[in-house]
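Novice: What follows is a protein structure lacking sequence information:
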């Protein structure tokens, strides 16, 4: 299975300050069709996950533009340009290039 | 509006069976890939099973041979038949569409004697 490794696992952030989460995969996530199926999810406390970013850098509808995704191959990053109180939760990267789809361990974002 | 609503969770003894349902609305299950994902208490997410629009299916090793994913197009509903349940299957089970663009609210399965 493809192992997804996130860092850090805990991220205390001051309101309004930027935050960055790294996600590394044990294999390339480039699929045979040329796409890279790396997605980012947010899970607020007590809620279901919601997708923020698909295929590395595409924001889902309704996702604030303070969220951005970047990367290629095996190395990916989720950035929040200025953290707001509603961003508290756990963030997961997930690869859908290989079966089984696998998630990172999750990064808990909290306000300092 | 796209909605996924899971049901069928509950408490069950080890070795027992349960069938989870996921009622879809706002879209047609026949034209979308559908999955089951679970989250053990206080833990991360595990993608369990996927049924493609063409009818093929995939399973994680942890549930292969015990769980069966299926869909009823006439009811626009996804199912997960879970047999030979173990304590480690205790989790909230979510259904999700495609690459996770929509998720249900989840249903809790507790396996305990």
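Specialist: Looks like it came in fine. All of these numbers come straight from a predicted model, not from anything done at the bench.

Novice: tally of neighbours for residue A:85?
Specialist: Taking other CB atoms under 10 Å in any protein chain shown as the criterion, the count of residues near residue A:85 is 7. Heads up, the C-betas are built off the backbone N, CA and C, glycines and all.

Novice: Correct me if wrong: it contacts residue A:16.
Specialist: No. Applying CB atoms under 8 Å, one finds residue A:85 not in contact with residue A:16, separated by 10.2 Å.

Novice: Enumerate the residues of chain A near chain B.
Specialist: Within chain A, the positions near chain B by CB under 8 Å from any CB of the partner chain are A:37, A:39, A:41, A:43, A:48-51, A:54, A:60, A:92, A:94, A:96, A:99-106.

Novice: quick one: the helices in chain A?
Specialist: Here chain A has no helices by DSSP state H.

Novice: ok and the residue in chain B nearest chain A?
Specialist: For chain B and chain A, the shortest gap (CB to the nearest CB) falls at residue B:47, measuring 4.0 Å.

Novice: Quick check: residues of chain B near chain A?
Specialist: For chain B, the residues in contact with chain A (CB under 8 Å from any CB) are B:35, B:44-47, B:50, B:58-61, B:94, B:99-101, B:103-106.

Novice: Show me where chain B has its helices.
Specialist: Using DSSP H, helices in chain B do not occur.

Novice: what about the strands in it?
Specialist: According to DSSP state E, chain B carries its strands in the segments B:3-7, B:10-12, B:18-25, B:34-39, B:45-51, B:57-59, B:67-72, B:77-82, B:91-97, B:102-103, B:107-111.

Novice: Check which helices and strands the fourth one is in contact with.
Specialist: So that's strand B:34-39. Counting contacts by 3 or more CB pairs under 8 Å, 6 or more residues apart in numbering or on different chains; DSSP states H and E, strand B:34-39 packs against strand B:18-25, strand B:45-51, strand B:67-72, strand B:77-82, strand B:91-97.
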